[in-house]
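Student: What would the 3D arrangement of this be:
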Amino acid sequence: MIHPEIEPTKLSISSSETDLLIDLKSKSGLLDRWLYKDTAQSLAKILRAMNCYYSNQIEGHSTRLVDIERALKNDFLDDEKGAVMQRAALSHISVQEEIDKLHATGNLSNVVSPQFIQSIHEYFYQNVDKSDLRISSENCVVTMTPGAFRVKGQEVMVGRHLAPKGESVISLMDYFHNSFSHVKGQCNELLAVPIAHHRFAYIHPFLDGNGRVGRLMSHAMMLESGVGANGLWSISRGLSRGLESKDEYKSKMALADNPRLGDLDGRGALSEKRLREFTHWFLKVSIDQIDFMTRLFNPAEIQKRLSSYVDINELPSESMYLLEAALYHGEIQRGEAPRLLDMKERSARKVLSQLTTDGILGSNTPKGAVSLRFDSASARIIFPRIYADFSYE
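Tutor: This is a model prediction of the structure:
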């Protein structure tokens, strides 16, 4: 069944978009190569909590990062409302972690299918209290089923946008799948991400949780398109901050809801001009976030911050020889420590032990090669700029 009410779902690639897409591909590739995979994975774990924070900000929820980190340690607030937000944060982080694992193992595919999207929603809500599933709609309260699309009689108004009727959602999501699952070529795949992001929000298939699910879907699409840089950048951070104003995301999305502006504005029911404007903005935001993280994770900058980390944590000054070797070579064999430190084996083992106990070096096995590993404590010293937005009060 054709659904002209969400068309256009494709855009021709203009010269300006070609430049943006080439920029996005090349810069994400550089970020992807900056760090050794195990080091990158430790950072991606930290960034998942931040992605959750920014996604909550978009939804108008002022969850503090410190409370999200507490929840990761099963430390929940006494305040029930705060605890609810903590549980929702854990669900968000778990869903993204699962998406990232699927990508890392080569099993992430068909992320625009109704089944995959429903699985994100179901996974997101699986651990919430039943009371959190009660959704107020006009004069009634409906209990939402995790993973279930809206049905007849379940209508949703988002701002000024009246979402398509509940009885059409299943057909619309099948059409959505067909529109975005057959895109060929990396540039077309990347251009499809912002288009799908808006059209998913326009359909608003669930009673609640559409914003978070849509951003997680877009994250999965970026990974699948080869520009996700293993989770080292977040579209949620960009959408929350915008390029010049935090209000840009919602205003750009609302403009893309506009109907066709005239005979020269495409052939679908919705405005092609406004969709192209949103697409440009989305791609620019993506590049801006990749640029930010690339500057942050530049090895030369990390080297400077590692020196501060050694001083602050009162680690042996010789530690820098091992940390620099791990930074620039990815991993080092434990047996290399005496040579790198210019020490006898026993003294070198002691320095190495201090670094692994501290956690700044780690390995996948007790006697395996070591590489740089970051946790929230070390990241605050080495990457202070990524914590600049967060509320701790």
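
Student: tell me the contacts of Asp375?
Tutor: By CB atoms under 8 Å, 6 or more residues apart in numbering, the contact list for Asp375 reads 42, 46, 359. Where C-beta positions appear, they are placed from N, C-alpha and C, glycine not excepted.

Student: Looking at it now. What's its pLDDT?
Tutor: Reported pLDDT at Asp375 in the predicted model: 92.

Student: so who does the residue nearest the centre of the chain touch?
Tutor: Nearest to the geometric centre of the chain sits Ser234, at 4.0 Å (CA atoms, centre = their mean). Each residue near Ser234 by CB under 8 Å, 6+ apart is listed here: 47, 50-51, 54, 219, 289.

Student: let's see it at 10 Å
Tutor: 44, 47-48, 50-55, 96, 215, 219, 222, 228, 240, 286, 289, 292-293, 386 (CB atoms under 10 Å, 6 or more residues apart in numbering).

Student: Buried members of those residues into PyMOL, please.
Tutor: Buried residues among the contacts of Ser234 (16 or more other CB atoms under 10 Å), as a PyMOL selection:
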select buried, resi 44+47+48+50+51+52+53+54+55+96+215+219+222+228+240+286+289+292+293+386
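
Student: Show me the shaky parts of this protein.
Tutor: In the predicted model, the chain carries pLDDT under 70 at residues 137-139, 390-393.

Student: tell me the domain boundaries of it?
Tutor: Domain assignment for the chain by automatic domain parsing gives 4-296, 299-387.

Student: is it true that Glu122 touches Leu133?
Tutor: No - if you go by CB atoms under 10 Å, Glu122 and Leu133 don't touch, sitting 11.6 Å apart.

Student: Give me the common contacts of the two.
Tutor: In contact with both Glu122 and Leu133: 145-146, using CB under 10 Å, 6+ apart.

Student: What are the boundaries of the strands in this structure?
Tutor: According to DSSP state E, the chain carries its strands in the segments 134-137, 140-143, 157-158, 161-162, 361-362, 371-372.

Student: Mean neighbour count and distance to Ile6 for those strands - can I get that in JSON lines?
Tutor: JSON lines is the format used below for these (neighbours: other CB atoms under 10 Å; distance: least, CB to CB, whole Å):
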{"stretch": "strand 134-137", "mean neighbour count": "13", "distance to Ile6": "22"}
{"stretch": "strand 140-143", "mean neighbour count": "11", "distance to Ile6": "24"}
{"stretch": "strand 157-158", "mean neighbour count": "14", "distance to Ile6": "15"}
{"stretch": "strand 161-162", "mean neighbour count": "12", "distance to Ile6": "12"}
{"stretch": "strand 361-362", "mean neighbour count": "21", "distance to Ile6": "47"}
{"stretch": "strand 371-372", "mean neighbour count": "26", "distance to Ile6": "46"}
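
Student: Pipe these into TSV and attach distance to Arg199 per row.
Tutor: Output for these, formatted as TSV (distance: least, CB to CB, whole Å):
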stretch	distance to Arg199
strand 134-137	22
strand 140-143	24
strand 157-158	14
strand 161-162	12
strand 361-362	42
strand 371-372	40
